[in-house]
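Below are the sequence and a predicted model for it; my questions follow.
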Amino acid sequence: MSEDSVTFDKIEHTSIRDTMRHQIYELLAAGELQPGSPLPAEKELVKQFNVSRPALREAIHALVGEGLLDVIKGKGIFVSRPTPGLVVRKQLLDLLLVEGYIKDVLEARKILEPEVAALFATKATDQDLQRLEDILDQVERGELTSKAMWDFHIEIVRVTGNSTLVKILQVVYEMVLRIEEVTDDEQVIVDHRMLLDALKKRDPDIARAAMKEHVSLWMRAPQYDFNSHTE
């Protein structure tokens, strides 16, 4: 397949990485991309996505880390060859939500993320905390939608240095995003700033408790009416 035949939509005020991932999955599902297919050249991707070159490179680096893309020096950017995770990931997300297991997904967050936050508290640098601050500042200024809050949580788990936790929670967040509506509710920012204030204390017990409360509040949001889901 020629890389010139692949086109992407512009990215509008959301996570570049998440948008790229979503569009690649959609193109794979439609048969317009195949594992091993080349993507357009970096210059063309910058134009198609309407993003800066550094932002594009950062997103590509993240997707390489997830195993979705490969960068081959002197040749270009390619969709990764089939692996069990790449082949079933999108289908697994769809299946779990269709079968009504979102409640289980949310409960998994409540189990995993407090311990992730505790580990973050022992490992975070000033730069790590600043990245979280920057995400909230960008959302507050309207430069990103509240969907970028998931980047906030990915940054927290990334700092743990545990690649398995990163992959597990990336899938969990993708599953939640399938049903979550984008909102510019100021309370979303307030809640995350409260969590960040707790993380800044670098105390595992405080971080654990704050994340547990944060996830519990989030699970009580109106859109998560579990009466409509199959147990």
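Structure's in. What do you need? Values in this document were obtained by computation on a predicted structure and should not be read as measured data.

Buried residues of the host helix or strand of Phe120, list them for me.
In the assignment (DSSP states H and E), Phe120 maps to helix 102-123. The neighbour-count check on helix 102-123 (16 or more other Cβ atoms under 10 Å) flags 102, 105-106, 108-109, 112-121 as buried. From N, CA and C alone the C-beta is placed, and that goes for glycine too.

Per-residue pLDDT of the nearest residue to Val116 once chain neighbours are set aside, please?
Distances taken as Cβ to Cβ, 6 or more residues apart in numbering put Val157 closest to Val116, at 5.1 Å, once the chain neighbours are dropped. As predicted, Val157 sits at a pLDDT of 94.

Distance of Val157 relative to Ala117?
As judged by Cβ to Cβ, to the nearest Å, Val157 and Ala117 stand 9 Å apart.

And Ser52, by the same measure?
31 Å.

in the chain, which spans are helices?
16-30, 42-49, 53-66, 84-98, 102-123, 126-140, 149-159, 163-177, 186-199, 204-219 (DSSP state H).

Compare the mean pLDDT across these and name the weakest.
helix 84-98 (a mean of 51).

ok, Arg202 - contacts?
Arg202 sits next to 121-122, 124 when contact means Cβ atoms under 8 Å, 6 or more residues apart in numbering.

of these, closest to Ala41?
Ala124 (36.7 Å; Cβ to Cβ).

and that closest one, what is it in contact with?
159, 199, 202.

Where do the domain boundaries of the protein fall?
3-82, 85-228 (automatic domain parsing).

Not counting sequence-adjacent ones, nearest residue to Ile156?
Ile156's closest residue in space is Phe120 (Cβ to Cβ, 6+ apart), at 5.0 Å.

Tell me how many other residues crowd the nearest residue to His153 once chain neighbours are set aside.
Spatial nearest neighbour of His153, chain neighbours left out: Tyr173 (6.5 Å); criterion: Cβ to Cβ, 6+ apart. Neighbour count of Tyr173, defined by other Cβ atoms under 10 Å: 20.

Over to Ile77?
The burial count for Ile77: 20, using other Cβ under 10 Å.

before we move on, back to that, tell me the spacing between the residue nearest to His153 and Asp203.
On the measure of Cβ to Cβ, Tyr173 and Asp203 end up 25 Å apart.

still on that earlier bit, what's the angle from the helix holding Phe120 to helix 163-177?
Calculated by axes from the mean of the first three to the mean of the last three Cα atoms, to 10 degrees, helix 102-123 forms an angle of 140 degrees with helix 163-177.
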